[in-house]
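Engineer: What shape does this take:
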Amino acid sequence: MDKPYTIVQRNDYKVTIYHGIAPLAPDNDNVDVQVTFPNGECFSAVFFTLQGIHTLMKRYRKTGECAGGLYFWASDMIIVQRLTEKIICETIDHLLAEEEFGAMFSKNEELADISPDEE
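Structural biologist: Coordinates of the predicted model:
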């Protein structure tokens with residue numbers, strides 16, 4: 001069985017992508033992402049595609065959530081063209097280089113690295 005997450009070791013940080021047991025739908029999905037730095041600090045955000053948001057809002061019309069799909073919101077939301085490991089990592093690299101990372105990701109205050117240990 002495949003793991004419900006992918007760990008990508010970058011030069012200055014580690015990315016854990018929590019995709020679940022089903023494969024990501026690169027054009028229509030959302031995924032939790034954690035970034036861990038060598039000093040142990042961890043930050044989290046949720047990556048969405050526009051189609052993924054549309055799908056959620058359509059479902060909300062049926063479930064009644066968010067005033068019956070009238071609106072959508074998510075804290076720490078980052079919208080990308082596609083949900084791929086490459087795009088997620090390139091986005092994080094750009095946010096770090098432009099010093100925008102802290103505005104997009106929330107620091108995990110209570111938990112240190114919550115990434116699964118690699119076996």
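Engineer: Give me the neighbour count for residue 100.
Structural biologist: By other Cβ atoms under 10 Å, the residues close to residue 100 number 11. Placement of C-beta: from N, CA and C, glycine included.
Engineer: likewise residue 47?
Structural biologist: Neighbour tally, residue 47, other Cβ under 10 Å: 24.
Engineer: tell me the contacts of it?
Structural biologist: 30-31, 33, 78-80, 83, 88, 91 (Cβ atoms under 8 Å, 6 or more residues apart in numbering).
Engineer: from those, which is closest to residue 14?
Structural biologist: Proximity of the contacts of residue 47 to residue 14 (Cβ to Cβ) peaks at residue 33, which lies at 11.1 Å.
Engineer: Quick one: list the elements packing against the strand or helix carrying that closest one.
Structural biologist: Assigned by DSSP states H and E, residue 33 belongs to strand 30-36. Counting contacts by 3 or more Cβ pairs under 8 Å, 6 or more residues apart in numbering; DSSP states H and E, strand 30-36 packs against strand 14-18, strand 42-48, helix 50-63, helix 85-97.
Engineer: give me the low-pLDDT residue ranges for the protein?
Structural biologist: 1, 110-119 (pLDDT under 70).
Engineer: got the buried residues for the strand holding residue 33?
Structural biologist: 30-31, 33-36 (16 or more other Cβ atoms under 10 Å).
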